[in-house]
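[1] one predicted model, sequence on top.
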Amino acid sequence: MNICMIVHNNVTRDGRVLREANSLQRAGHSVTVLGLADADVASPVEYLDNGVRIFRVFWLANAYRSLILSAVFRVLPVLAVIVAILAAIVWGLRGLFAAGGPVARAASWLIAIFANIARWTWLDFGYFLFLLLAGAALAYVVWRAVRAYLRLLGTGAQMRADEDDTVRRYAEALLKEGALDDADFPRLKSRIPDWVPDWLLTVTLEPLEWFGGNATRFTLLRYRAREMTTVARRLKPDVIHCHDCLTLPTGWKIKKALGIPLIYDAHEIYEAAATRMPGITDYYARLHRKYLHRVDGFIAVNDSAALYYRHAYPNAPKAVVIRNAIALTPSEPYDGRLHDAADLPLSQKILLYQGGYSAERGLPVLVRAASMLPDDWTLVMMGWGPLAGQLKQIAAQTAARTGRDPAVRFIPPAPQRELKAWTQGATVGIIPYEGKMLNHWIATPNKLWEYPSASVPLVVQPFPEMRRVVNTYHCGWTLPETLTASAIADLVAGLTPEQISQAKLGCMRFIEADNWTARYEKRLLDLYAQFAPKAAA
């Protein structure tokens, strides 16, 4: 079959996408991956060794051209509102300061009051003081009541904003009861009504971006989908495979245009994403509600995610669970590259974090813990992301305060094909994600396999999926329920060489039992086998 995969990144760092594409290509299919060109990878076309094609779409130029041409339809309503507000202000000021208006009447009233005060007796002054104190007491009581009411409203708003945390705690309680399979699992609902069209989102929310707000650019999302749809249709695939939620509109358009099966690969629970831009998580839930029941094949990243989607979207196909497991490959002797890049002697023990520097991953806490580690340990941060500047600033401030250097080193991310050779230099790998959201609570990131594949034991948060791996295979340790810098430092400092050696053996057991070839490749191929007759027809 001719398979077209779509993903909204440059493909290079997405190990999950590359594993699936390589497996399908080896099985005799022709696989093309459509990604996006960015500053890191600008090459429009790349051919992998096994024949997988990567096309990177240059979408920004056309999208911004369309954005400029269509801007008038979004600017005019905003200008109309601004003109109306200015007109109301001018009308109000003219009426306020007109002869015989409120200001003139208030001035006359004040003059009369002061003229009357000049004739007051001591008894009048005492009576006035009593009324003033009584009014102040009444105002204080009202102020306390209003403040309590606003605090109550704020608590309600925070509870609404933390709806995913409520679902997470609900799921946690049910898991402990062992009754989750039969429970009415709640879902994260979109606060964008179904009747609101996409174009209205651009009119109502995007003006926030113009005035310095942090709002989602729904118009650019729509134009990006249009550009990728154009390229994908030219490929005339037999199956369209959408990675991540934002590719669903593109996949649905191609399915309708070509009459082909649509497979959706959900890498996470997007409604519970860490993104805090107004409207985006609601938009994810809106896309799932609109398209998930229209897909022909559905892939979830782990059992917990599949369980959520089954209860939240019962009309969707049953999810095939394909975890982020990596292929089992032979290990070469460590060549010292991680220590060299971090400018550390080979005798130095390394606590490694590799991956994106994103919010809600516990990375500020992790960097603060570096200065509390024993002198023979160093934290190495190997990655990229929007928090890089903040993390380096925390590291510098901590070093200046404690005088400990090198407590933490920052190095660039390693290429996917070389990642194992880099990871081998670590003594322990850490996944310190915060449990404030459902998506992190059920997480099974690539690091959960990348560390053990390099014989590097794990330090993980005590969340169900990661804890199950560590406890089953004894390949690492779990942090306390509350993530603190001292908790991380105390756990790492307490590890003995014997414990680390035993955990390395557990890493081997885990990777041999739960790797891409042993478990998940066959599930992917079996899913595609269901659509082979339709593609042939």
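    Nice, I can see it.
[2] is the closest residue to Ser486 other than its chain neighbours in a helix, a strand, or coil?
    Once flanking residues are discounted, Ser486 sits nearest to Met372: 6.3 Å by Cβ to Cβ, 6 or more residues apart in numbering. (Each C-beta comes from the backbone N, C-alpha and C, glycine too.) Here Met372 takes the coil state, with states given by DSSP: H, G, I helix; E, B strand; the rest coil.
[3] mind checking pLDDT for Met372?
    The predicted structure scores Met372 at 92 on the pLDDT scale.
[4] contact partners for it?
    Remark: with contacts taken as Cβ atoms under 8 Å, 6 or more residues apart in numbering, Met372 is in contact with 485-486, 488-489, 493.
[5] drop anything exposed from those residues.
    Applying 16 or more other Cβ atoms under 10 Å to the contacts of Met372, the neighbour count classes 485, 488-489 as buried.
[6] switch those over to a markdown table; also include pLDDT.
    Shown next, in a markdown table, are the buried ones among the contacts of Met372 (pLDDT from 0 to 100):
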| residue | pLDDT |
| --- | --- |
| Ala485 | 94 |
| Ile488 | 95 |
| Ala489 | 95 |
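[7] which of these fall in helices?
    Among these, the members found in helices (DSSP state H) are 485, 488-489.
[8] which one of the residues you listed is nearest Leu505?
    Among those, Ile488 lies closest to Leu505 (Cβ to Cβ), at 23.7 Å.
[9] which strand or helix spans the spatially closest residue to that closest one that is not a sequence neighbour?
    Spatial nearest neighbour of Ile488, chain neighbours left out: Ala369 (4.0 Å); criterion: Cβ to Cβ, 6+ apart. Per DSSP states H and E, Ala369 falls inside helix 363-370.
[10] quick one: contacts of that helix?
    Outside helix 363-370, the residues that touch it by Cβ under 8 Å, 6+ apart are 351, 353, 357, 378-379, 381, 387, 390-391, 394-395, 398, 404, 407-408, 430, 432, 483-486, 488-489.
[11] of the residues you listed, buried ones?
    Burial by neighbour count, 16+ other Cβ under 10 Å: within the contacts of helix 363-370 this picks out 351, 353, 357, 378-379, 381, 387, 391, 394-395, 398, 404, 407-408, 430, 432, 483, 485, 488-489.
[12] and the residue nearest to Ile488, how many neighbours?
    Residues contacting Ala369 under the criterion other Cβ atoms under 10 Å number 27.
[13] got the residue ranges for the helices in the stretch 101-250 of the chain?
    In order along the chain, the stretch 101-250 of the chain carries the following helices (DSSP state H, counting those that start in this stretch): 102-117, 122-161, 163-177, 198-205, 207-210, 218-235, 248-258.
[14] what does the stretch 401-537 of the chain give?
    Counting by DSSP H, counting those that start in this stretch, one finds helices in the stretch 401-537 of the chain at the ranges 419-423, 438-441, 447-453, 464-473, 485-493, 497-513, 521-529, 532-536.
[15] buried sites along the longest one?
    To tie it back to what came earlier, the one meant is helix 497-513. Residues of helix 497-513 classed as buried under the neighbour-count rule (16+ other Cβ under 10 Å) are 503-504, 506-507, 510-511.
[16] what helices and strands are in contact with it?
    Helix 497-513 sits against helix 447-453, helix 464-473, strand 476-478, with contacts defined as 3 or more Cβ pairs under 8 Å, 6 or more residues apart in numbering; DSSP states H and E.
[17] what comes into contact with the first one?
    By Cβ under 8 Å, 6+ apart, the residues outside helix 447-453 that reach it are 15, 324-326, 328-329, 352, 354-355, 419-420, 423, 426, 429, 431, 457-458, 460, 466, 469, 475, 506-508, 510-511, 514-515.
[18] that older thread, mind checking which of the buried ones among the contacts of helix 363-370 land in strands?
    With strands identified by DSSP state E, the entries of the buried ones among the contacts of helix 363-370 that belong to them are 351, 353, 378-379, 381, 408, 430.
[19] out of these, the closest to Cys242 would be?
    Closest approach to Cys242 among those (Cβ to Cβ): Tyr353, at 29.7 Å.
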